[in-house]
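**Q** Return a 3D structure for these sequence lines:
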Amino acid sequence: MHGLRRRLLGLLPALALALAACAVVAPSYRDTTVPMTSIADLDAARYAGRWYEIARFPVTFQEGCTATTAEYTLRPDGSLGVVNTCRQGSPTGPVRRIEGQARPAGPGRFAVSFRGIPFEGPYWVLWVDEGYRTAVVGTPSGRAGWILNREPRIPPDRLRAAREILEWNGYDLSKLIMVEQP
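**A** Have a look, this model is predicted:
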């Protein structure tokens, strides 16, 4: 009994830290009164593969990241394996990598979790062009959003379309930052 009590007391600092992190309110980059929609017919098999991050809204977990990619692998249960990689500071800086999974949570929607992080986050695919070359992803809270592309460079017409999708879903495009790719 004393061993269990000691272990529980040992977890209290970590629990307090986790709760404090949840209490910190991250900025929202979208007007949450605007309805946000995910695509109804996302083909997870076509979505799988490597994506280059073209633009994002500032989030603390990506601070200093450049040359960012996301690799999705379709699993037999319908979830996606996720590997996010970036270079710290510059396209030739040290590599940062985190692995996780994206569990289906509705049409075009996933609940994403990463190893070592004790909670899931929403990941909504707002748009994918018909060739699955460019995608727009967001969160209902508006605390994150991304423009992804299969190649490190995106054609102007698809970038314009992606920005329009973000704006349609209530995002403030003045806060969107372009991501340097090699």
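**Q** what stretches of this structure score poorly on pLDDT?
**A** Applying pLDDT under 70 to the chain flags the ranges 1-25.
**Q** Show me the residue sitting in the middle of it in space.
**A** By CA atoms, centre = their mean, the chain has its centre lying nearest to residue 123, at 6.1 Å.
**Q** what's the helix or strand that residue falls within packed up against?
**A** Element membership for residue 123 (DSSP states H and E) is strand 121-128. Packing partners of strand 121-128 (3 or more CB pairs under 8 Å, 6 or more residues apart in numbering; DSSP states H and E): strand 109-114, strand 134-138, helix 156-168. In short, each C-beta sits where N, CA and C put it, glycine included.
**Q** contacts for the shortest one?
**A** Translated: strand 134-138. 30, 36, 47, 51, 123-129, 144-150, 154, 158-159, 161-162, 165-166, 169, 171 (CB atoms under 8 Å, 6 or more residues apart in numbering).
**Q** Describe which strands it pairs with in its sheet and in which direction.
**A** strand 121-128 (antiparallel), strand 145-149 (antiparallel) (DSSP bridges).
**Q** which of the ones you listed sits most buried?
**A** strand 145-149 (a mean of 25; mean count of other CB atoms under 10 Å).
**Q** List the contacts of it.
**A** 29-30, 51-57, 70, 133-139, 154, 158-159, 162-163, 166, 171, 176.
**Q** From these, list just the buried residues.
**A** When neighbours are counted using 16 or more other CB atoms under 10 Å, those contain these buried positions: 29-30, 51-57, 70, 134-139, 154, 158-159, 162-163, 166, 171, 176.
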